[in-house]
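Engineer: sequence unknown, structure follows:
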């Protein structure tokens, strides 16, 4: 395929699960042709307005907000503004499209992609959406009939979208995430100050952290770390919870527990881990598949349509991961992790089953679909 110079608008965001795949798509388009012009469109006040410029791309913010279902005065004020901000966002999106003149529009989910993709369709701009989860989000379900192509990460998405538009691409991930060698693990052990010959558990709750995973860790530590005599733990507690974890760990002499609010070298954290404990956001699952790692997922109950459970079960049903319910995590999570860490045969089985689910070339597949739409 010839990768001519093109102009692309990429819209969406709100969470890292939307933003990082969007940036991966942009990076691949720039790699294919450094002259490609890319403009992001996000929601004012959301994290994409900071993360996208940090990745080297220009972004325009729309005043879009979403409905809040929990009843309180602040949410009531928000919800009254929704129709007015929706109208203003559509007007601004139309103006941005006319000024930028894109060859194609890409939506990755989140508030901002709805007005942008809707206006792109009205103006005859070829459009594509990328759905990261195994249960489609509301915005993407609404946009499905209006776009020409729908890139998905899971099989069976005909439940949500027209089958003839679906392209199974996987989720774009960071390029450094891959299967790891013994030398990678040796580097990781040195980087994190861990000991060769011990078993290693990586507990990761995302950049903000997970209250449930942190509570499970605290309970296990308070009980004397049962089953963990030969286990070292890398525990990413998250920025939001760091102060509380600092207070909990104060005065405890636990050289086998290394905790931090942020992981700068996720590639080495994956390389280190014999077993990973994680929430089951789409990006986390895609990276764990790409790393060929055994994982125990604890789906967050605080997400739309319980999509993290759907994500996790897509692997669990293929014996490619394990699952512990959020409500059971404080009691069952660390005992389950200790059991898996000490069952090498089970770890090898999960690693074998998760490897075929990896789609390391997802960003390339989506970029090719972008070019295919332009040539239609």
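Structural biologist: Happy to help now that I have it. Keep in mind it's a predicted model, so treat the numbers as computed, not measured.

Engineer: got a list of what the residue nearest in space to the middle of the chain touches?
Structural biologist: Centrality entry for the chain: nearest residue to the mean C-alpha point is residue 283, 2.7 Å, by C-alpha atoms, centre = their mean. Contact analysis of residue 283 by C-beta atoms under 8 Å, 6 or more residues apart in numbering lists 16-17, 20-21, 132, 171, 173. Glycine gets a C-beta too; all of them are placed from N, C-alpha and C.

Engineer: and of those, the nearest to residue 235?
Structural biologist: Nearest to residue 235 among the contacts of residue 283, counting by C-beta to C-beta, is residue 16 at 19.3 Å.

Engineer: Please tabulate the contacts of residue 283 in CSV and include neighbour count, distance to residue 139 and pLDDT as additional columns.
Structural biologist: Formatted as CSV, these follow (neighbours: other C-beta atoms under 10 Å; distance: C-beta to C-beta, whole Å; pLDDT from 0 to 100):
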residue, neighbour count, distance to residue 139, pLDDT
16, 18, 17, 68
17, 23, 13, 73
20, 23, 17, 84
21, 28, 14, 89
132, 28, 12, 89
171, 29, 17, 92
173, 26, 22, 86
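
Engineer: which one among those residues gets closest to residue 262?
Structural biologist: Relative to residue 262, the closest of the contacts of residue 283 is residue 16; by C-beta to C-beta it sits at 12.5 Å.

Engineer: Tell me where this structure has helices.
Structural biologist: With helices called from DSSP state H, the chain shows them at 16-32, 48-54, 73-100, 113-122, 138-143, 182-192, 211-222, 242-249, 266-272, 282-291, 307-316, 329-341, 344-354, 362-375.

Engineer: still on that earlier bit, can you list the contacts of residue 283 in TSV and add distance to residue 352?
Structural biologist: Shown next, in TSV, are those (distance: C-beta to C-beta, whole Å):
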residue	distance to residue 352
16	29
17	27
20	27
21	26
132	25
171	21
173	20
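
Engineer: circling back to that earlier point, which one of the helices of the chain has the lowest average pLDDT?
Structural biologist: By mean pLDDT, the lowest-scoring of the helices of the chain turns out to be helix 73-100, with a mean of 82.

Engineer: From what I see, residue 313 and residue 322 are in contact.
Structural biologist: No. Residue 313 is beyond contact range of residue 322, at 11.1 Å (criterion: C-beta atoms under 8 Å).

Engineer: Which one's more surrounded, the two?
Structural biologist: Of the pair residue 313 and residue 322, residue 322 is the one with more neighbours under other C-beta atoms under 10 Å, namely 20 against 17.

Engineer: Identify the bridge partners of that one.
Structural biologist: On the basis of DSSP bridges, residue 322 is bridged to residue 296.

Engineer: change the start of the numbering to 11 and stick with it
Structural biologist: New numbering, starting at 11: the last item is residue 332.

Engineer: how far away is it from residue 230?
Structural biologist: From residue 332 across to residue 230, the span is 17 Å (C-beta to C-beta, to the nearest Å).
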